[in-house]
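Asks: Just the structure for this:
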Amino acid sequence: MDIITDINGGGDFKDIGSAVMAADKGDRIYIKNGVYNEKLVINKPDISLIGEDVEKTIITHSDYALMEDDEKRPIGTFRTPTLYISESAKDTTLMNLTIKNEAGEGRIVGQAVALFAEGDRFYAENCRFEARQDTLLSGPLPEDISGVQMPLCRQYYKNCRIEGNVDFIFGGGVSLFEGCIIYIAARDEFPSGYVTAACTGEHLKFGYVFKGCLITGSDKKGRAFLGRPWRGFAKTVFIDCEADEVINGEVFSKWNDTDRHKTCFYGFNAMDSFRKSKAEWVRCLDESDVSVYTKENMFGDWRI
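Replies: Model prediction:
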């Protein structure tokens with residue numbers, strides 16, 4: 001069934017939350033242009049949210065980690081998302097949408113997540129995800145945080161734009177980012193940002209894979225890194241990507257004074273200007289390395 005959401009009253013519902021509540025498995029929710037100030041949860045399988053125009057169909061909220069709950073305690077990172085897609089919401093699709101968390105800079109408000117997706121077989125195409133610190137959380141969480149074994153969570157982002165600065169793509173998902181623009185928003189500190197903070201499970205062969213992406217930003221002083229390992233065994237690779245002067249010569253960074261880099265797998269090909277200055281534990285990938293990063297190998301029985 002198709003459901004129309006129009007903030008101006010021309011559809012079945014004026015808000016997206018009501019449309020999600022009414023939706024059943026297999027339904028498509030078409031969202032007309034407008035700014036929808038909503039905090040959304042999807043916990044049903046096989047629901048599609050399809051915007052009219054990615055630049056004009058905007059879902060935004062502004063919860064942040066240092067916000068206090070009714071008992072005057074900070075709510076923490078994982079209660080901040082503008083859009084949360086639960087583990088039970090398998091096969092969720094997003095298209096032509098902008099998802100924002102407008103709380104502000106992390107040094108003031110703490111983490112502020114735009115999207116937290118935990119459902120397996122999550123697909124996003126032509127979407128924008130915008131915040132500052134911790135923009136996009138591709139679940140699952142690390143085992144030591146969640147208290148349970150990490151479930152399989154496969155995610156595919158096609159032709160999306162993701163903006164943030166500190167650890168703004170993070171989590172344990174088996175995630176492919178293809179043809180995306182990764183934009184590092186300026187932050188007047190060093191480091192000015194980290195694109196990724198992976199916590200890939202030790203048993204997983206793949207973590208974050210970026211293919212044919214552009215990594216750019218507003219600060220061209222080489223003060224940002226492509227990532228750092230949130231947990232040991234983190235896996236992140238950049239294949240056939242282009243990165244400009246926003247990225248530091250070492251490319252990836254260790255996580256403070258930990259030894260996580262000793263068990264992680266971080267690498268890149270192309271980006272030849274970084275080969276000589278990269279950190280010693282970062283791999284330069286050759287053709288045989290790159291050949292294993294296919295959709296079939298990463299996603300198994302999930303065919304896109």
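Asks: From now on I want contacts and neighbour counts done on CA atoms only, so please keep to that.
Replies: OK.
Asks: Work out the gap between the longest helix along the chain and the centre of the chain.
Replies: Within the chain, and with DSSP state H defining each element, the longest helix by residue count is helix 16-22. Centroid displacement of helix 16-22 relative to its chain, using C-alpha atoms, centre = their mean, to the nearest Å, is 23 Å.
Asks: What of stretch 237-253?
Replies: How far stretch 237-253 lies from its chain's middle: 17 Å, per C-alpha atoms, centre = their mean.
Asks: Equivalent analysis for stretch 228-248, please.
Replies: That offset, for stretch 228-248, works out to 13 Å (C-alpha atoms, centre = their mean).
Asks: cool, stretch 12-23 as well?
Replies: 25 Å.
Asks: Let's test this: mean pLDDT of that stretch, rounded?
Replies: For stretch 12-23, mean pLDDT is 98.
Asks: Follow the chain on from the lowest-mean-pLDDT helix or strand in the chain and name the next helix or strand.
Replies: When each helix and strand of the chain is scored by mean pLDDT, DSSP states H and E, helix 143-146 comes last, with a mean of 87. Moving toward the C-terminus from helix 143-146, the next helix or strand (DSSP states H and E) is strand 154-158.
Asks: tell me which strands and helices the longest helix of the chain is in contact with?
Replies: Counting by 3 or more C-alpha pairs under 8 Å, 6 or more residues apart in numbering; DSSP states H and E, the packing neighbours recorded for helix 16-22 are strand 2-5, strand 28-31, strand 40-42.
Asks: what's downstream of the last one, the next helix or strand?
Replies: Along the chain past strand 40-42, the next helix or strand (assigned with DSSP H and E) turns out to be strand 48-51.
Asks: Which residues outside that following strand are in contact with it?
Replies: Residues outside strand 48-51 that contact it (C-alpha atoms under 8 Å, 6 or more residues apart in numbering): 26-33, 57, 92-97.
Asks: Kindly indicate which of the residues you listed lies nearest A19.
Replies: Taking C-alpha to C-alpha as the measure, A19 lies nearest I29 of the contacts of strand 48-51, at 7.0 Å.
Asks: So what sits opposite that closest one in the bridge?
Replies: Beta-bridge pairing of I29 under DSSP bridges involves I3, L49.
Asks: distance of it from M298?
Replies: Distance, I29 to M298, using C-alpha to C-alpha, to the nearest Å: 29 Å.
Asks: So for those two, which sits in the more crowded spot?
Replies: Per other C-alpha atoms under 10 Å, whichever of I29 and M298 has more neighbours is I29, with 23 against 20.
Asks: if we can go back for a sec, which pair of the contacts of strand 48-51 spans the longest distance?
Replies: Longest span within those, C-alpha to C-alpha: G26 and N33, 22.5 Å.
Asks: Tell me which of the two has more neighbours.
Replies: Between G26 and N33, N33 has the larger neighbour count (other C-alpha under 10 Å), namely 19 against 15.
Asks: Show me the shaky parts of this protein.
Replies: Within the chain, not a single segment meets pLDDT under 70.
Asks: What ranges does the stretch 1-150 of the chain have for its strands?
Replies: Counting by DSSP state E, counting those that start in this stretch, one finds strands in the stretch 1-150 of the chain at the ranges 2-5, 28-31, 34-37, 40-42, 48-51, 57-61, 83-85, 93-95, 98-101, 115-117, 122-125, 128-130, 136-138.
Asks: Looking at those strands, which is nearest to F168?
Replies: F168 sits nearest to strand 136-138 of all the strands of the stretch 1-150 of the chain, at 5.9 Å, using C-alpha to C-alpha.
Asks: what separates the closest one from the chain centre, distance-wise?
Replies: Put simply, strand 136-138 sits 4 Å off its chain's centre (C-alpha atoms, centre = their mean).
Asks: which neighbours does that strand have in its sheet, and in what orientation?
Replies: Taking DSSP bridges as the criterion, strand 136-138 forms sheet pairs with strand 115-117 (parallel), strand 169-171 (parallel).
Asks: Can you classify E296 as helix, strand or coil?
Replies: Look at E296: counting by DSSP: H, G, I helix; E, B strand; the rest coil, its state is helix.
Asks: Tell me who's in contact with it.
Replies: E296 is in contact with W302, R303, counting by C-alpha under 8 Å, 6+ apart.
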